[in-house]
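Engineer: Attaching a predicted model along with its sequence, questions to come.
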4 protein chains.
Amino acid sequence: MAHHTFTPTAYHNTIGWQEPVAWVESGDTITTTTVDARGFDIHWQPIAPRGNPMTGPFAVRGLEPGESLLVKILSLTPTRDRGFTTASVAPHCVDPDYVRELPPNDLIYWQIDTDTRTVQLIPPEGVTMPPLVVPLDPMLGCFGVAPARSQFLSTATSGDYGGNMDYRRCRMGAAILFPVHAPGGRFFLGDGHAVQGDGEISGNGVEVPMQVTFQLQRIAGVSIRWPRLIDAEGIATIGNARPLDQATQHATTEMLRCLITEGGLVPAAAHLWLQQTVRYEVGNVFDPAYTMACQLPRAAWPDSLTDSQMIRAVLASQ
Amino acid sequence: MAHHTFTPTAYHNTIGWQEPVAWVESGDTITTTTVDARGFDIHWQPIAPRGNPMTGPFAVRGLEPGESLLVKILSLTPTRDRGFTTASVAPHCVDPDYVRELPPNDLIYWQIDTDTRTVQLIPPEGVTMPPLVVPLDPMLGCFGVAPARSQFLSTATSGDYGGNMDYRRCRMGAAILFPVHAPGGRFFLGDGHAVQGDGEISGNGVEVPMQVTFQLQRIAGVSIRWPRLIDAEGIATIGNARPLDQATQHATTEMLRCLITEGGLVPAAAHLWLQQTVRYEVGNVFDPAYTMACQLPRAAWPDSLTDSQMIRAVLASQ
Amino acid sequence: MAHHTFTPTAYHNTIGWQEPVAWVESGDTITTTTVDARGFDIHWQPIAPRGNPMTGPFAVRGLEPGESLLVKILSLTPTRDRGFTTASVAPHCVDPDYVRELPPNDLIYWQIDTDTRTVQLIPPEGVTMPPLVVPLDPMLGCFGVAPARSQFLSTATSGDYGGNMDYRRCRMGAAILFPVHAPGGRFFLGDGHAVQGDGEISGNGVEVPMQVTFQLQRIAGVSIRWPRLIDAEGIATIGNARPLDQATQHATTEMLRCLITEGGLVPAAAHLWLQQTVRYEVGNVFDPAYTMACQLPRAAWPDSLTDSQMIRAVLASQ
Amino acid sequence: MAHHTFTPTAYHNTIGWQEPVAWVESGDTITTTTVDARGFDIHWQPIAPRGNPMTGPFAVRGLEPGESLLVKILSLTPTRDRGFTTASVAPHCVDPDYVRELPPNDLIYWQIDTDTRTVQLIPPEGVTMPPLVVPLDPMLGCFGVAPARSQFLSTATSGDYGGNMDYRRCRMGAAILFPVHAPGGRFFLGDGHAVQGDGEISGNGVEVPMQVTFQLQRIAGVSIRWPRLIDAEGIATIGNARPLDQATQHATTEMLRCLITEGGLVPAAAHLWLQQTVRYEVGNVFDPAYTMACQLPRAAWPDSLTDSQMIRAVLASQ
């Protein structure tokens, strides 16, 4: 299990079947950097075209379509002491007849303090308001693998391959499993947020460049339809679609499959198990595809799930 | 502030402008009972027609349309040691092409233990599975006030008047504020759940009769559009509609209004305040109207919100 | 088959289980009048509360829940030479980020000429534009029967009982079949439009009082789930729900049922029959429930449908 | 204005920024062929991978992003006497609790007679039913131009660039205008249907290879957001999204823009003009993005629209 350091020289505004920047072995770890969502680096230099420029892709030798790629986020650190958002909740996130009351959608800056682990709003001129300080909680907004059918998809959207899910549990310590469509998987990452509210209702978290260390692992025996996130809190299956109802259907169906296949429950038992233990979390309700996570808290896992190949793989190298 | 004990002799399957069973003073408390969602009492006797039969309505003297009714759930106790659910996740909660794989939707029983505060599944015959025990967490699935325009609405659905929201934070300790449409408000309650997963994806929590004690309070100076829930965790505005996207729009818009009107923030500040602090919670994705809660955790409240008339009213009599 | 003339003295803003204003025999015809959507009569006098005030309800002796009520619109005539609409397409009918570009939503008047059978816009002051004349095409926006479960539902919305469907084929010559929930059916009508575009995207057709003659007929042997409209063009099943996708599912499912039950096709044949012959029409995309009609043009009917009890009943008294 | 004949040797399952197979001058016409949706040619030989393989792309010299490409379908002829569909209406096109009643989704064949201009179902074995003959009405299901941001998008879906819209008015005689994102526009076509019902509710029209002749024209002065279709009946703006509500918003907003920009109406007039004249047509409710067309029948056009550059371009070479 080697460790690689990668300094990007180019970025992608689609997630597709681009040539990998590196082929690594399953289990290897990589340290790299990402620019912010508008392509600015740590010195606010515009070094990539706007719209979630991606670092990567990184490919895993021997990883084939139909298998899964496990990505563990080992560390995630903002590399600039200032991030930005836009000012207003998005028109499609409020009632249509309330849109005329939205404020101007100016660019807004937030001060990031990695010592106190806080993010503080810098109030825009002319807006008087109490100080707003939120805990630093770095996450990746957009990351995933090459999609099916040789597509190259805008980093604005998401799908079964991951992408711009903007789900705040994609933070340090999380392991995310993706279905593999292309040889090597081809993992892209970017769109770091120093913190993000549920739903990403202004269209952004506090956007910052990041330094990221992650591990890539081939999971040959687990075939999934939608991304799965495993962390200390539990396991979440992630559905991406519009409307949110459809994202919820995808996530719920995938969790039933997970309980049957990895959890070893018979179908009737999977339904009974899930119905009173399930928790939902909203990733985003801003992007072209919305994101809903269907999660089973760790306290509610059947033992068989804990013993599954998938979970043992997650725990293996931690 | 008087205390009333009310023993229902009839139940309603609509929430409407029915004659109140009692008129009370603002601040009074009431102890009463509810039957389960199918109209069974504590002895499994069918004493009300199926479909969320409601106890009530209770009216508050002097409470007028345009004002708000604050309902505090002071205690909530299952009065039967066994509840029921149905077996399968609902067809509209999974992917359409997965519907054919759903198990038979039999009636399922759960054992409720108020000493250990647990709810345990009684596995149906023929289904082998590990024991499933979940924490007891009683809540009300359906409750609310008379809707606008003299409507009488089925207890299957919900709207700005409350109704069948199936939101699991409607538990002991919660205070819920409703917009008042009819003189006296007219508060109905029923559909108790010993526990419920997010989304109510099987169409039910663990359905039980309840003994409930609650306080009704007139809030004259606060005019709201959607229900608001305040508890130890924070404040949530509740939107009810289909698709879930629209419920989310309602809830988010109402939270912006709340931050502006009760929180005293200028609109531009309300947008900035909410965007990185907001949390969403799914009530139900089963009923004719879905339920989404937009919440602001207590740690993220501006001081002005804490000092508002609305919050002081909630704290007053606790 | 008697003919009745009814002059309303009161109006309803809900469709519910109100006491019938008259009980008639199956096959009887009724001539009555309706006020416009805001409760104005032919002299612009406000004689009913705003919000689609209904004339009726009319009940049919012997008509029972589980049966169907067939309503034939025998004549429909605007009784005022001027109607109104509002000026702007509704905020929820355009892209959310376009809402800020909508014009003021003023009241607009249209001149109705029953001789030339035209409706002409009276341009509002300050708006220069070419003359706009559209063909007169009178229809009923809101009509239906008492809904299930003793509900009283706002005339703003619609459901399986009909209601505010705002579907422009509900004109003279159309026969509409409703599922019956209450004894006698209890038929309400109002919300006449001199003409209406698809979707009712401004929230109104050209609103006018009407004189209406219709026939009510008990159809004992046909049990339906959603309204069906039969006219010279064909048959349409009508779904009412949000989002429009769900309205479409309701309408399509009901058409499959119709082809199987009334059309006598085996299920596999019904699917094959419908897939390449179906036409959809949008009723409204404005009201709380949207309306989609799934239609089978008359040229594509299987003979067995033409011979069905339902169609024979429609043809019988024409 | 040259005429080109192009015989494809390869096909694409994405619509993207592939190298053009030919660069032509604005006004040139092209005759080419397409395979059917599963990649079969006129002899039922599988010569392209399944999933709407595309012929093309064809590029127009001098056509730049921000301009529009006008495509006129000059002729469209099925080149095989037999097409196929699948048997069942799709699970997501019926009510979720009706899915279990869907018939097996077998492959079904239809006989195409270009002399009688009919398409006749060949009933599958074991299904007894009356003969089903529908008029031949050839159309293209999937066609469009390279999408924004260098994407390569599956031919299963659609967007502002066109794609798999499955809208039955895309037949001979129609002129379709696309927004241009890539130099040359890059026009792809395929997925011919001998006939198709509204909604494409089984997921297919009667799938056949086609011979197609079309004209490509650069429209430099017209900048659009969504495709527009002009034919003898009128003009339609086409929105592609899920849910159908959002597709409807896109199409309606684009029609308002069209009436303002090409029709020369002031915004207030455009809203008044559209509200009582608009007609909607459903393209598909099957694909990942649904398709709704907002149309203004020719009889309702303001004169200024008839005189616009866009319409003159359509009429020019007909």
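Structural biologist: Perfect, I can see it now.

Engineer: residues contacting residue A:229?
Structural biologist: Contact analysis of residue A:229 by C-beta atoms under 8 Å, 6 or more residues apart in numbering or on different chains lists A:167, A:169-170, A:174-177, A:235-236, A:238, A:293. In short, each C-beta sits where N, CA and C put it, glycine included.

Engineer: what's the answer for residue A:293, then?
Structural biologist: A:167, A:169, A:229, A:236-239, A:251, A:280-283.

Engineer: for residue A:70, same thing?
Structural biologist: Here residue A:70 is in contact with A:175-177, A:215-219, A:313-314 (C-beta under 8 Å, 6+ apart).

Engineer: let's see it at 7 Å
Structural biologist: Residues in contact with residue A:70 (C-beta atoms under 7 Å, 6 or more residues apart in numbering or on different chains) are A:175, A:177, A:217, A:219, A:313-314.

Engineer: Please report how far it lies from chain B.
Structural biologist: Residue A:70 sits at a distance of 24 Å from chain B (criterion: C-beta to the nearest C-beta, to the nearest Å).

Engineer: ditto for residue A:303
Structural biologist: 6 Å.

Engineer: That residue and residue B:130 touch, don't they?
Structural biologist: Yes: counting by C-beta atoms under 7 Å, residue A:303 does reach residue B:130; the two are 6.4 Å apart.

Engineer: who's more crowded, these two?
Structural biologist: residue B:130 (15 against 10; other C-beta atoms under 10 Å in any protein chain shown).

Engineer: quick one on the thing from earlier: using CSV, lay out the contacts of residue A:229 together with secondary structure and pLDDT.
Structural biologist: Converted to CSV, the contacts of residue A:229 look like this (DSSP: H, G, I helix; E, B strand; the rest coil; pLDDT from 0 to 100):
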residue, secondary structure, pLDDT
A:167, coil, 98
A:169, coil, 98
A:170, coil, 98
A:174, coil, 98
A:175, strand, 98
A:176, strand, 98
A:177, strand, 98
A:235, strand, 98
A:236, strand, 98
A:238, strand, 98
A:293, strand, 98
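
Engineer: of those, closest to chain B?
Structural biologist: Set against chain B, the nearest of the contacts of residue A:229 by C-beta to the nearest C-beta is residue A:293 (10.5 Å).

Engineer: Can you get me a residue count around residue A:230?
Structural biologist: As a burial measure, residue A:230 scores 22 neighbours (other C-beta under 10 Å).

Engineer: who's in contact with it?
Structural biologist: Neighbour list for residue A:230: A:175, A:311, A:314 [criterion: C-beta under 7 Å, 6+ apart].

Engineer: got a winner among these for most neighbours?
Structural biologist: Most surrounded of these: other C-beta under 10 Å gives residue A:175, at 24 neighbours.

Engineer: For that residue, which residues count as its bridge partners?
Structural biologist: In this entry, residue A:175 is beta-bridged to residue A:72, residue A:230, by DSSP bridges.

Engineer: That one reaches residue A:314, doesn't it?
Structural biologist: Yes: assessed by C-beta under 7 Å, residue A:175 is found in contact with residue A:314 at 4.5 Å.

Engineer: Just give the nearest non-adjacent residue to the closest residue to chain C within the stretch 201-318 of chain A, would you?
Structural biologist: Nearest residue of the stretch 201-318 of chain A to chain C: residue A:243, at 6.6 Å (C-beta to the nearest C-beta). Take residue A:243 and drop its neighbours on the chain: the residue closest to it by C-beta to C-beta, 6 or more residues apart in numbering or on different chains is residue B:243, 4.2 Å away.

Engineer: how much space between the one you found and residue C:84?
Structural biologist: To residue C:84, residue B:243 is 32 Å away according to C-beta to C-beta, to the nearest Å.

Engineer: Many thanks, we can stop here.
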